[in-house]
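Asks: Next input, structure requested:
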Amino acid sequence: MRLRMEIEGIKIDDTVDITDKVCPLTFVKAKVAIDELDDGEVIAIRMNDGEPVQNVPRSIKEEGHQILKLVNNEDGTYNLIVKKVEE
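Replies: Numbers count the residues shown, from 1 in each chain. Sure, this is the predicted structure:
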């Protein structure tokens, strides 16, 4: 069951937490979660500050998906809001 929610006014269709992963597994887990979405759906990817914040958004953008927002959770983590774009 998906948890539908809103983050800063953006409707979120699904979420994934990759704070327990290290690069390159951070992107792999995020990519698998995005692949499970329908086109146009939005996912919030919770990740740690540092390497994931530098690398995951860039890799997702290279895959052709749309980065809507990067939200600092003020606890050492970020939520990356991504809209799946048809491949």
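Asks: mind listing what's buried in stretch 30-49?
Replies: Residues of stretch 30-49 classed as buried: 30, 33-34, 37, 41-48 (neighbour count, 16 or more other Cβ atoms under 10 Å). All C-beta atoms are positioned from the backbone trio N, CA, C, and that covers glycine.
Asks: What is the distance between that stretch and the centre of its chain?
Replies: 4 Å (Cα atoms, centre = their mean, to the nearest Å).
Asks: outside of it, which residues touch it?
Replies: By Cβ atoms under 8 Å, 6 or more residues apart in numbering, the residues outside stretch 30-49 that reach it are 5, 7, 10-19, 26, 53, 56, 59-60, 63, 65, 68, 73, 76-86.
Asks: Only alpha carbons, please: show that stretch as PDB.
Replies: Taking C-alpha atoms only, stretch 30-49 is exported to PDB below (Å, rounded to 0.1, in the frame of the first residue of the first chain):
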ATOM      1  CA  ALA A  30      16.000   5.200  -6.000                       C
ATOM      2  CA  LYS A  31      15.900   4.100  -9.600                       C
ATOM      3  CA  VAL A  32      14.000   0.800  -8.800                       C
ATOM      4  CA  ALA A  33      11.500   2.800  -6.800                       C
ATOM      5  CA  ILE A  34      11.000   5.300  -9.700                       C
ATOM      6  CA  ASP A  35      10.700   2.400 -12.200                       C
ATOM      7  CA  GLU A  36       7.700   1.100 -10.200                       C
ATOM      8  CA  LEU A  37       5.800   4.400 -10.600                       C
ATOM      9  CA  ASP A  38       3.400   5.200 -13.400                       C
ATOM     10  CA  ASP A  39       4.400   8.000 -15.700                       C
ATOM     11  CA  GLY A  40       3.600  11.400 -14.100                       C
ATOM     12  CA  GLU A  41       3.600  10.100 -10.600                       C
ATOM     13  CA  VAL A  42       5.700  11.800  -7.900                       C
ATOM     14  CA  ILE A  43       8.000  10.100  -5.400                       C
ATOM     15  CA  ALA A  44       9.800  11.500  -2.300                       C
ATOM     16  CA  ILE A  45      13.200  10.000  -1.900                       C
ATOM     17  CA  ARG A  46      14.700  10.500   1.600                       C
ATOM     18  CA  MET A  47      18.400  10.500   1.600                       C
ATOM     19  CA  ASN A  48      21.400  11.600   3.700                       C
ATOM     20  CA  ASP A  49      23.300  14.800   3.200                       C
END
